[in-house]
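Participant: Return atomic coordinates for the entry below.
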Amino acid sequence: MKLTHLNENGYARMVDVSGKKPTHRTALAEGVIKLGDAVMDILTSGNSPKGNVLNTAIVAGIQAVKKTSELIPMCHPLPLQGVDIRFEFKDNNLKCFCSVSAEAKTGFEMEALVGVSTALLTVYDMLKAVDKSMEITGIRLLEKTGGKSGTFRAASAI
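Facilitator: Numbers count the residues shown, from 1 in each chain. From the prediction side, this is the model:
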């Protein structure tokens with residue numbers, strides 16, 4: 001397998017996508033933050049002294065998606081058309097999902113992964129005074145569509 005982010009001399013490069021045609025592309029990523037009982041109570045009751053934690057995390061995740069190309073050196077700046085971040089509680093876990101879509105010449109996998117990561121880090125940051133033992137885990141791509149490589153779906157859910 002040839003690594004496309006390396007030139008013929010083994011040096012880093014941004015892949016040239018100028019010859020590709022835009023297609024409708026989507027990406028969906030997920031991640032989990034494991035919560036203790038005290039943090040779980042704060043999140044489910046909405047009684048955080050720092051305000052609405054989940055809404056702040058959603059805004060932070062969307063902002064991060066828009067800045068992915070500034071954070072990940074070989075990512076192209078992309079014309080985003082839709083970003084959605086949502087949360088689900090399951091036991092003492094908070095699952096985060098980030099979906100990204102647009103017409104583009106390259107995919108949005110990194111944007112979705114950065115969105116999930118930043119949203120979960122924001123939850124941690126806002127609640128670390130209550131419990132520093134929260135654990136972020138399972139950040140991965142669930143699905144991507146569009147482009148030359150077609151559709152990808154992860155084998156199983158977390």
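
Participant: Which of the helices or strands spans the closest residue to Thr137 other than its chain neighbours?
Facilitator: The shortest distance from Thr137 to any non-neighbouring residue, by Cβ to Cβ, 6 or more residues apart in numbering, is to Val32 (5.4 Å). No exception for glycine: its C-beta is placed from N, CA and C like everyone else's. Assessed by DSSP states H and E, Val32 sits inside strand 23-34.

Participant: ok, that strand: who's next to it in the sheet?
Facilitator: strand 93-104 (antiparallel), strand 135-145 (antiparallel) (DSSP bridges).

Participant: any idea which helix is longest in this protein?
Facilitator: When the chain is parsed with DSSP state H, its longest helix is helix 109-127.

Participant: Pull out the buried positions in it.
Facilitator: Neighbour-count burial for helix 109-127, counted by 16 or more other Cβ atoms under 10 Å, picks out 109-124, 126-127.

Participant: Tabulate the CA atom coordinates of it in CSV.
Facilitator: Output in CSV follows, covering the C-alpha atoms of helix 109-127 (Å, rounded to 0.1, in the frame of the first residue of the first chain):
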residue,chain,number,x,y,z
GLU,A,109,-13.4,11.3,8.4
MET,A,110,-10.9,13.5,10.2
GLU,A,111,-13.4,16.3,10.7
ALA,A,112,-15.9,13.8,12.4
LEU,A,113,-13.2,12.4,14.6
VAL,A,114,-11.9,15.8,15.6
GLY,A,115,-15.5,16.9,16.4
VAL,A,116,-16.1,13.9,18.7
SER,A,117,-12.8,14.3,20.4
THR,A,118,-13.2,18.0,21.1
ALA,A,119,-16.8,17.6,22.3
LEU,A,120,-15.8,14.9,24.8
LEU,A,121,-12.7,16.8,25.9
THR,A,122,-15.0,19.8,26.6
VAL,A,123,-17.3,17.6,28.8
TYR,A,124,-14.1,16.5,30.7
ASP,A,125,-12.9,20.1,31.0
MET,A,126,-16.2,21.4,32.4
LEU,A,127,-16.6,18.6,34.9
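
Participant: angle of that helix against strand 23-34?
Facilitator: In terms of direction (axes from the mean of the first three to the mean of the last three Cα atoms, to 10 degrees), helix 109-127 departs from strand 23-34 by 30 degrees.
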